[in-house]
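> structural data only, the sequence is not supplied:
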């Protein structure tokens, strides 16, 4: 499996003239139809910004336990803040990682559909104001990268370039800063279990030189080690829905490092507004003929309305938060 890998795409080709841009869009469409994952270079993210975010992540996880637990996510009905090691689930199994979840900074919303409970303020560590500052820079730059990719996808799928912007509303974003501690177990352990992302687009930064990410290809797990200067990009369930399965969300997982090693990774999720419903893209005939339909899995229904998909994911991943703040939603449709 080690010789299998993911395609590498250079985003700067979109600014290198019409032919280069068209070739990039073709490669983008092929990568996400065939694999659902690729490496992305040419994003304009500077090594200095990467270094600052990486250092801020390490500084956060090095805080005393009581300072991290002061912003633990069980205190947030919006699923924000710090999750202790073992505090998250995938497919019901414990993920061996700790993290802080950061979403759009908003006032809480009373009433309305269940997914409105995802709207609210973040929880920030008082001892580390620089974390908020560098995360804001990261969010701004990666939002621009995500919008550029979505415009390219729209054209590659035969839609208007503004297709996603027209249907996104105010984007829902989520940044997770994650630490996978090493384990002493002889067999590979679950850092995060096999899953598909619930939204549209994920841009993943991985600590240089640290493996562990695996992608499912043709029924086998393939290593996706970090590539210097590149993000790992994957599509989520909502883009599969919008293309009737022409693009397909792909299972992926993370295997814990062996102690004393550890691994930091920072996924950025760029998704529609919670109340946005992506309509089916009217694919060109030759692409529509290759659409495989939306995955049918009774245990994991894919909702057209993003808020329903997002709430489904959060309730499952954080049963402790769900039990404390959303007992009325546990076991109920989103």
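Received, thanks. Remember, predicted model here, so these are calculated numbers, not experimental data.

> isn't residue 196 right up against residue 248?
No. Contact criterion C-beta atoms under 8 Å: residue 196 and residue 248 do not qualify, at 9.0 Å. C-beta: built from backbone N, CA, C; applies to glycine.

> and the strands in this structure?
8-10, 37-41, 81-83, 88-90, 93-95, 98-102, 172-180, 190-195, 201-206, 213-217, 220-223, 231-235, 252-255, 263-271 (DSSP state E).

> using JSON lines, lay out those strands together with distance to residue 55 and mean neighbour count.
Output for those, formatted as JSON lines (distance: least, C-beta to C-beta, whole Å; neighbours: other C-beta atoms under 10 Å):
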{"stretch": "strand 8-10", "distance to residue 55": "27", "mean neighbour count": "18"}
{"stretch": "strand 37-41", "distance to residue 55": "23", "mean neighbour count": "21"}
{"stretch": "strand 81-83", "distance to residue 55": "18", "mean neighbour count": "25"}
{"stretch": "strand 88-90", "distance to residue 55": "24", "mean neighbour count": "20"}
{"stretch": "strand 93-95", "distance to residue 55": "24", "mean neighbour count": "17"}
{"stretch": "strand 98-102", "distance to residue 55": "15", "mean neighbour count": "24"}
{"stretch": "strand 172-180", "distance to residue 55": "12", "mean neighbour count": "22"}
{"stretch": "strand 190-195", "distance to residue 55": "22", "mean neighbour count": "20"}
{"stretch": "strand 201-206", "distance to residue 55": "13", "mean neighbour count": "24"}
{"stretch": "strand 213-217", "distance to residue 55": "22", "mean neighbour count": "20"}
{"stretch": "strand 220-223", "distance to residue 55": "27", "mean neighbour count": "16"}
{"stretch": "strand 231-235", "distance to residue 55": "19", "mean neighbour count": "25"}
{"stretch": "strand 252-255", "distance to residue 55": "22", "mean neighbour count": "22"}
{"stretch": "strand 263-271", "distance to residue 55": "10", "mean neighbour count": "23"}
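
> just send those strands back as JSON lines, with mean pLDDT and distance to residue 152 too.
Compiled in JSON lines, the strands of the chain are given as follows (pLDDT from 0 to 100; distance: least, C-beta to C-beta, whole Å):
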{"stretch": "strand 8-10", "mean pLDDT": "97", "distance to residue 152": "10"}
{"stretch": "strand 37-41", "mean pLDDT": "96", "distance to residue 152": "11"}
{"stretch": "strand 81-83", "mean pLDDT": "97", "distance to residue 152": "34"}
{"stretch": "strand 88-90", "mean pLDDT": "84", "distance to residue 152": "30"}
{"stretch": "strand 93-95", "mean pLDDT": "84", "distance to residue 152": "32"}
{"stretch": "strand 98-102", "mean pLDDT": "97", "distance to residue 152": "26"}
{"stretch": "strand 172-180", "mean pLDDT": "96", "distance to residue 152": "19"}
{"stretch": "strand 190-195", "mean pLDDT": "86", "distance to residue 152": "26"}
{"stretch": "strand 201-206", "mean pLDDT": "97", "distance to residue 152": "11"}
{"stretch": "strand 213-217", "mean pLDDT": "92", "distance to residue 152": "21"}
{"stretch": "strand 220-223", "mean pLDDT": "91", "distance to residue 152": "25"}
{"stretch": "strand 231-235", "mean pLDDT": "96", "distance to residue 152": "12"}
{"stretch": "strand 252-255", "mean pLDDT": "94", "distance to residue 152": "22"}
{"stretch": "strand 263-271", "mean pLDDT": "97", "distance to residue 152": "14"}
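
> want to try JSON lines for the ones you listed, with distance to residue 162 as columns?
Compiled in JSON lines, these are given as follows (distance: least, C-beta to C-beta, whole Å):
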{"stretch": "strand 8-10", "distance to residue 162": "22"}
{"stretch": "strand 37-41", "distance to residue 162": "21"}
{"stretch": "strand 81-83", "distance to residue 162": "35"}
{"stretch": "strand 88-90", "distance to residue 162": "35"}
{"stretch": "strand 93-95", "distance to residue 162": "37"}
{"stretch": "strand 98-102", "distance to residue 162": "28"}
{"stretch": "strand 172-180", "distance to residue 162": "19"}
{"stretch": "strand 190-195", "distance to residue 162": "31"}
{"stretch": "strand 201-206", "distance to residue 162": "16"}
{"stretch": "strand 213-217", "distance to residue 162": "30"}
{"stretch": "strand 220-223", "distance to residue 162": "35"}
{"stretch": "strand 231-235", "distance to residue 162": "19"}
{"stretch": "strand 252-255", "distance to residue 162": "30"}
{"stretch": "strand 263-271", "distance to residue 162": "16"}
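
> quickly note the distance from the nearest residue to residue 103 once chain neighbours are set aside to residue 317.
Leaving out its chain neighbours, the residue that sits closest to residue 103 by C-beta to C-beta, 6 or more residues apart in numbering is residue 174, at 5.1 Å. The gap separating residue 174 from residue 317 is 11 Å, by C-beta to C-beta, to the nearest Å.
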